[in-house]
Each structure stands twice: as C-alpha cells, then as structure tokens.
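structure for the following, please:
(one chain, ligands or ions: 1)
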Amino acid sequence: MSSTWHILGAGSLGSLWACRLARAGKAVRLILRDGQRLQAYQQAGGLTLVEQDQPTHYAIPAETAESSGPVHRLLVACKAYDAAPAIDRLAARLADGAEIVLLQNGLGSQDEVADQVPHARCIFASSTEGAFREDDWRVRFAGHGFNWLGDPANPAIPEWFDDLHEAGIPAEWTVDILTRLWRKLALNCAINPLTVLHDCHNGGLLAHLSEVDGLSNELAQLLQRCGQPEAAQNLDEEVQRVILATSANYSSMYQDVRAGRRTEVHYLLGHACRAAARHGMVLPQLERLHRRLVDNLRARGLPCA
Ligand code: NAP
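Just a heads-up that it's a prediction; the model follows:
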C-alpha cells in the first residue's frame, strides 16, 4: 500500500490538512477539479497557509481525477453535495482496500460514497477546526478545534493514524463517530436555518428561544428514534450553550446564503426530515422549518437540495 495522501479538494479544510501533512514530511498529492483549475494552481506554484498572520507556502504536487496511478489513501475535502460525483470520477483509480477519509459536514454524503466504492474502507470525520479561503490557493487557519474519526463498520484504528499526530492535526479515533455526527447535525438544524430565516447572527436567536426549544425537542425525539440516545441527551441545553458561546458569530449556512453560495442543507436539515419520514414520525416544527428554508433559498435563486 502506498503511503501517499491524496487530497481531493484544495479548499479550506483540504488545504489545511494538505499543508500540515506536507510540512511533516508526508507524501501529499492534491486532486483538483479539472485541467483548468490544475493550470491555475500550477501558475500559483502551490498552496499558502496563513497561521497567526504568518503565510507559509507549500509546493504540493497536484493532478486531476483523470491522471493515472492508483489511490490508496484519500482525504475527501469537498462539500457534501460534491463528494459522490467527485468519487464517481475517481473510482477506477481506487485500489482494493483503499482508505477514504470523509470530512463532510452532516450525514448522507458518507453513505452515498460508501455505496459507490464497496471495495474501499470509508472513514467518517467530524471536524470543529475552522479555516476559510482568502483567495484561490490561499487559506487562513481561523479556529483551533478537533477532529474525530471513526468507521461505523469497523472499529480498528487505521495504521496511518499517527501521521495525523505527527502533522500536528488534533485527532482522536472513536467508535461512536455516528453519535458525534448526529449531535453536530442536530445542533446545526436547531441553529443555522433560523439564522437565515431571521437574518441574524447566532446571538439573535436569543429573541426566538421558544422556537429554538421546540426544534430541540423534536430533534431529540428524532435522535432517540434513530438509535442515537446519547446524541439526544440534554440537546436543548447544549443548543442554548452554543448560541451563547457563539453569539457574535454568523453560522456557516448564513454565510453561504449571504455570499450566494450553495448550502449543504440537503445533508443537514434535509437529512433530518428524510430520517423522520422514514421512521413515520410527524415533527411539525422541523418540517415547517424545512419548508420555510427551502422557500427562502428558492427565492434567492439558490439550490434547495
Ligand atoms: P471549500 O472551501 O468550498 O472547498 C471545497 C473544495 O472542493 C473546493 O476547492 C472545490 O474546488 C473542491 N472540489 C469540489 N468538487 C471537486 C472535484 N470534483 N474534484 C476536486 N475538487 C473538488 O469547502 P470547505 O469549507 O473546506 O468544506 C469542506 C467540508 O468540510 C464541508 O462539508 C464543510 O461543511 C466541512 N467543514 C468545513 C469547515 C471549515 O472551517 N471550512 C469546518 C468544519 C467542517 P474549487 O476550488 O475548484 O471550487
């Protein structure tokens, strides 16, 4: 097995991971969207990671999905809605037993990918690190956080896990990755859509606490029904804690909408509503929230799935 890290998507998180792995002396190759993006990248001569206002340049080699050679270890760092189409283009290059780390927020995209590549091992990740693109190929590390990785189908820790520690990537292996992803999804559903609908920062939701509470209660019922009782525990309290702790921040969904970017709603609130329907649950507040959000996105000309 080759120990090269292929990193699909040189956006915010992809660049953050690529630069830290490359700095630690790990073999890294970027997989970019197409020939045009590859040419633009080659003109820039590499990635720049800005940490504490210090920019550092990393001349990491890059290719496209159509390049040749097997891929044994892949970090998928695109948005949730791009993951399955991107893997489709790369599937023929994935070696038997290849390991794929999926960094996507929300739920649903991981299973879409896993269904496409049954010969590979899919590892799910949940990240609280923060990074954003200042420009093409230039990313600012904006918020220290943590990464949990796990494989719902196999508790064995991958042999490359120490690469992450050596690269200074804070990470832990967990057998409860689905609990973490569901909990994060529920927090997102209780907060982010309302910030779009009320056009406010997270703290603005303090004026809408009964709405927030109603959603938290329905989400906790959903988590219980989905076999995630731990993720349901004290959800309402944590939602309020997050709102207070991040009161000055604008949610990622709010920022996407304001910038006219597609949101990941299909894999967040959309996933929650589909799960509820599958279990025959009636969750009126969650469904109404989804309808209002879809109408809002549609009125702005943004995709609602
Ligand atoms: P991002 O900055 O938009 O980067 C996504 C990258 O994927 C872009 O560079 C895009 O290419 C690339 N891409 C899309 N389709 C591709 C394809 N077929 N082949 C190769 N590259 C492709 O997104 P992000 O913020 O890093 O988010 C990635 C995931 O991490 C999301 O699910 C997000 O919710 C999650 N997350 C992000 C953060 C954060 O702080 N940013 C924190 C926690 C979780 P182009 O450059 O050509 O558009």
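
residue of this structure nearest the ligand, please.
Per C-beta to the nearest ligand atom, G11 is where the chain lies closest to the ligand, at 1.7 Å. In this view, the C-beta of every residue, glycine as well, is placed from N, C-alpha and C.

could you check the pLDDT of that residue?
You'll see G11 listed with a pLDDT of 98.

that one contacts L75, doesn't it?
No: applying C-beta atoms under 8 Å as the test, G11 and L75 come out as separate, 11.9 Å apart.

who has more neighbours out of these two?
Neighbours per residue, other C-beta atoms under 10 Å: of G11 and L75, the larger number sits with L75, 23 against 17.

buried set for the longest strand anywhere in the chain?
Counting by DSSP state E, the longest strand found in the chain is strand 94-102. For strand 94-102, the neighbour count (16 or more other C-beta atoms under 10 Å) marks L94, A95, A98, E99, I100, V101, L102 as buried.

ditto for stretch 2-15
T4, W5, H6, I7, L8, G9, A10, G11, S12, L13, G14, S15.

excluding chain neighbours, what is closest to the first one?
In space, T4 comes closest to A27 once its chain neighbours are excluded; the distance is 4.2 Å by C-beta to C-beta, 6 or more residues apart in numbering.

quick one: residues contacting that neighbour.
S2, S3, T4, W5 (C-beta atoms under 8 Å, 6 or more residues apart in numbering).

and the strands in the stretch 51-200 of the chain?
For the stretch 51-200 of the chain, applying DSSP state E, counting those that start in this stretch gives strands covering 54-58, 62-64, 71-76, 94-102, 121-127, 130-135, 138-143, 147-150, 171-173.

in a markdown table, list the ones you listed along with mean pLDDT and distance to A232.
Below are the strands of the stretch 51-200 of the chain laid out as a markdown table (pLDDT from 0 to 100; distance: least, C-beta to C-beta, whole Å):
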| stretch | mean pLDDT | distance to A232 |
| --- | --- | --- |
| strand 54-58 | 98 | 42 |
| strand 62-64 | 98 | 43 |
| strand 71-76 | 98 | 28 |
| strand 94-102 | 97 | 24 |
| strand 121-127 | 98 | 17 |
| strand 130-135 | 97 | 26 |
| strand 138-143 | 96 | 27 |
| strand 147-150 | 98 | 18 |
| strand 171-173 | 98 | 22 |
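
need these in a markdown table (columns: distance to L206).
Formatted as a markdown table, the strands of the stretch 51-200 of the chain follow (distance: least, C-beta to C-beta, whole Å):
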| stretch | distance to L206 |
| --- | --- |
| strand 54-58 | 36 |
| strand 62-64 | 45 |
| strand 71-76 | 36 |
| strand 94-102 | 34 |
| strand 121-127 | 26 |
| strand 130-135 | 23 |
| strand 138-143 | 22 |
| strand 147-150 | 29 |
| strand 171-173 | 32 |
